[in-house]
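> Dropping the sequence and predicted coords here.
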Amino acid sequence: MLLIGWIVALAVFLGFAFAGRGWLAWVLALAVLFVTWVVRGVDSPLLLYGLLIASALVALVTGFPPLRRALFARSLLPALGKVMPRLGETERIALEAGTVWWDAQIFSGMPDWTYLQSFECKPLTAREQAFMDGPVTQLCTMLDDWQVEQQRDLPAEVWDFIRRERFFGMVLPEKYGGLGMSEIGHSRVVTRIATRSVAAAVTVMVPNSLGPGELLVHYGTDAQKDYYLPRLADGREIPCFALTGPEAGSDAAATQSEGVVEWGKWEGKDVIGLRLNWNKRYITLAPVATLIGLAFRLKDPNGLLGGPADRGITCALIARDLPGVVIGRHHDPMGVPFANGPTEGHNVFVPIDAIVGGVEQAGHGWRMLMESLAAGRSISLPALAVGAAQMATRICGAYATVREQFDTPIGRFEGIEEPLARIAGLTYLMTATRTLTCGALDAGEKPAVLGSIAKAYLTDAMREVVSDAMDIRAGAAIQRGPRNALSHMWMSVPIGITVEGANILTRSMIVYGQGAIRCHPWVQKLIDAIAARDLKAVDTCAFGYINFVFTRGVRALLLGLSGAHLARVPEGDLSRQYQHLTRFASVFAFVSDICMATLGGSLKRREKISGRLADALAWQYLGAATLKRYHDEPKIAPHYDLARWGVALSLYRTQEALRGVLDNLPSGFAAGFARLLVFPLGARFRPPSDLLGQRAARAILEDREARIHLTEDIHVPGPTEPGLGQLEAALDKAVRALPVETKLRDAIRAGQLDRAAGSELGERALAAGIITQAEYDALSEADEARDAVVQVDAFDPDTYRQLR
């Protein structure tokens, strides 16, 4: 009887699961009944006929949509209305901003790897490469980050060069005097400048990200574009965008900055305009800006524009020199000397055509901002993070080879090898993610969720990489001065993590909150159907959702039991990694739906759970980007090891995030059931092994080609410049001296030479005829170069007191 009970339950479950596919529901129900016929112990014809009738009814009801709709849809509507999240207008606009791309593939539980492999990430154009090799390299040569830090500003000649070469107009169309660069071109420019000066990189990237230029290109009137865009492109206007205020940080829509529509005087004439009052802070370039993009709440109490009195968030362009504008004071963000400060406006009057896009765009500012951020988050700060990671890789790979302790390069010690592996592996993964995300943008996508992932998770990875680099450089890393190329990056880490949406907010609320609705194949459709009270659509979406949950649960179970061998993926060196990520896509889709089913609308308030789901989604994307990079680039051994390291980390962190979700799900029954399906053989993934880490570290210690390729975006200064320049020169000399050092060690082992410290060993070897004069010179040059690069800056008392 127990067996019969299970069979009945299975028949009912399958019937409902495949609702909307009537013939399949019938076939499955009858197949289950056939099993009951042949199973020994079921010998009651009456019971068997009862099962047949019951199962047939289940299949009929669930597999025949009109009947199912008549019986269930009306009762489903109020029930689902209580479970599904209700969206306010502000939330809806934010959630609908941008597009979905590979994130939807992950939510589908069945990513199409063939599509990803065939997707083309556009390379730099010839014109963009010329700009990198010319003006960008020249700008980097002009910059001295220590000098910038001490003077608290970029030199005047650097400001003039940035204007003249149109760095402020990189993304503006050529017809308006801009450079019309692709997103990958824009990103790589910022990355290279960031390896030379964070302050300069921020100065260049902000006008090309969220700001007046971006808004005007997409939403401005023709008159606004014709006037402002040429002036922004050539630097006659320096823009800033004032969004954040004391009362509106993460909740930017809560701004108390206000614009009231009224009559006023403008250039001697009575015109309809805006009376503006604002209080903003943390505004990059505000102290030097001539044009302020302002976000405020627009009110029309007298109905001068028609429509509602409260028109909502609006964006306008405000000249710096208008009466009532207060601007020019500086914040000091972690000592990194880029222009950043507050601005206030007191009864500032501007004509109504100051609204970006004119009167027609009044009240549409929130949508403008969300759609622009969807793209902007994908570029600026990820580029800064990649620059820091590549710089750390270049410095530490060289330093761990040049610096010796106990007569051994420190990179040979496992204690150093471990952080070196993280630096190399994360840099490979971060650059891959930057490239793929920019590729999506250049293909016309505006991937809001993936942009948030790129911003939050690459800046977090930057923190990890730079921290490891500081540990490896040790005492030399904490002494400020021209020789220390890491200190400015260390100081800038919290800035990247905080601005354009703090990472805590992005992880816990935005990534999964937006992804679950936008990227899921059924959720947004179901929410819209409920809001429209469309019974037919509610029925289709609800039972389609049931089918989706069931099939992804079965996939997760089968892939878990088979070690993902059942997943169909492209053949290649990393096919097993593709299979494991395919499995986790099914696991993620199923666990995600279990969370939504058990928590309903309250899930958006369970930020620890949604944060872990965001981790799982993000690390699957980072893993996919790593596989894509390996597929697209030359197949050399270091790339293979770095790709395996990156995917191994992605799989482990995805697994741990999902385990954390299930361990903390309020419904113990649902969590236990899901755990049995998604981890039937337990959680078996581990962090990258020591052996794999050793191979990743060796990629930047021993393989010069791999090290250069991994850091292709950085600017390498001349060999006499303190910091990276001298370090690179010392590395070249140390590599040339390696055969000589090997010859000396062999001579000591053979008893031909006694141990000695410093230059004395070389002198003895030369006197004994063990090495030639040329070899002795190479050894001496390497020793002198090593000695130079391990020195740190020291200042006399008067100079020290003047340091900033």
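Perfect, I can see it now. Numbers count the residues shown, from 1 in each chain.

> Can you pull the phi and psi angles for Asp310?
Backbone dihedrals for Asp310, given as degrees, to the nearest 10, come out at phi -100, psi 110.

> hang on, it packs against Pro301?
No. Between Asp310 and Pro301 no contact is recorded; they are 9.0 Å apart, counting by Cβ atoms under 8 Å. Heads up, the C-betas are built off the backbone N, CA and C, glycines and all.

> ranges for the helices of the stretch 651-800 of the chain?
Under the criterion DSSP state H, counting those that start in this stretch, the stretch 651-800 of the chain carries helices at the ranges 668-678, 690-701, 704-710, 724-749, 760-767, 773-789, 797-802.

> which of these sits most buried?
Relative to the other members of these, helix 690-701 carries the highest mean neighbour count by mean count of other Cβ atoms under 10 Å, namely a mean of 21.

> Run the chain-centre distance for that one.
25 Å (Cα atoms, centre = their mean, to the nearest Å).

> What is it packed up against?
Helices and strands touching helix 690-701, by 3 or more Cβ pairs under 8 Å, 6 or more residues apart in numbering; DSSP states H and E, are helix 380-402, helix 414-442, helix 637-663, helix 704-710.

> so for it, what's the average pLDDT?
Along helix 690-701, the predicted local confidence has a mean pLDDT of 95.

> Let's have the helices and strands packed on helix 690-701 in a markdown table, adding mean pLDDT.
Rendered in a markdown table, the data for those read as follows (pLDDT from 0 to 100):
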| stretch | mean pLDDT |
| --- | --- |
| helix 380-402 | 95 |
| helix 414-442 | 97 |
| helix 637-663 | 97 |
| helix 704-710 | 91 |
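
> Would you mind giving these as TSV with distance to Glu149 added?
What follows is these, written out as TSV (distance: least, Cβ to Cβ, whole Å):
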stretch	distance to Glu149
helix 380-402	16
helix 414-442	24
helix 637-663	33
helix 704-710	27
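
> just the ones you listed: most buried one?
Among the helices and strands packed on helix 690-701, ranked by average contacts under mean count of other Cβ under 10 Å, first place goes to helix 380-402 (a mean of 28).

> Relative to the helix or strand following it, what are the paired strands and their orientations?
Beyond helix 380-402 on the C-terminal side, the first helix or strand identified by DSSP states H and E is strand 404-405. For strand 404-405, the paired strands and their directions (DSSP bridges) are strand 408-409 (antiparallel).

> can you give me the offset of the strand it pairs with from its chain's centre?
Taking the mean C-alpha point of strand 408-409 and that of its whole chain, the gap between them comes to 36 Å (Cα atoms, centre = their mean).

> Could you do stretch 224-235 as well?
In terms of Cα atoms, centre = their mean, the centre of stretch 224-235 is found 30 Å from the chain centre.

> do stretch 354-374 as well
Relative to its chain's centre, stretch 354-374 lies at 25 Å (Cα atoms, centre = their mean).

> Could you pull out the strands in the stretch 201-350 of the chain for me?
239-242, 258-266, 269-284, 291-299, 310-319, 325-327, 340-351 (DSSP state E, counting those that start in this stretch).

> Check what pLDDT the most centrally placed residue in the chain gets.
Per Cα atoms, centre = their mean, the C-alpha nearest to the average position across the chain is that of Ala454, at 0.8 Å. You'll see Ala454 listed with a pLDDT of 96.

> correct me, but it touches Ala432?
No. Between Ala454 and Ala432 no contact is recorded; they are 11.0 Å apart, counting by Cβ under 8 Å.

> which one of the strands of the stretch 201-350 of the chain lies closest to Arg231?
Evaluated over the strands of the stretch 201-350 of the chain, closeness to Arg231 peaks at strand 291-299, with 8.0 Å, by Cβ to Cβ.

> Output the contacting helices and strands for that closest one.
Packing partners of strand 291-299 (3+ Cβ pairs under 8 Å, 6+ apart): helix 212-219, strand 239-242, strand 258-266, strand 269-284, strand 310-319, helix 365-376.

> can you give me the helices in the stretch 101-250 of the chain?
Here the stretch 101-250 of the chain has its helices, by DSSP H, counting those that start in this stretch, at 102-108, 113-118, 126-131, 137-142, 145-151, 156-164, 183-194, 198-205, 212-219, 222-233.

> mind listing what Gly481 touches?
Residues in contact with Gly481, defined by Cβ atoms under 8 Å, 6 or more residues apart in numbering, are 146, 792-795.
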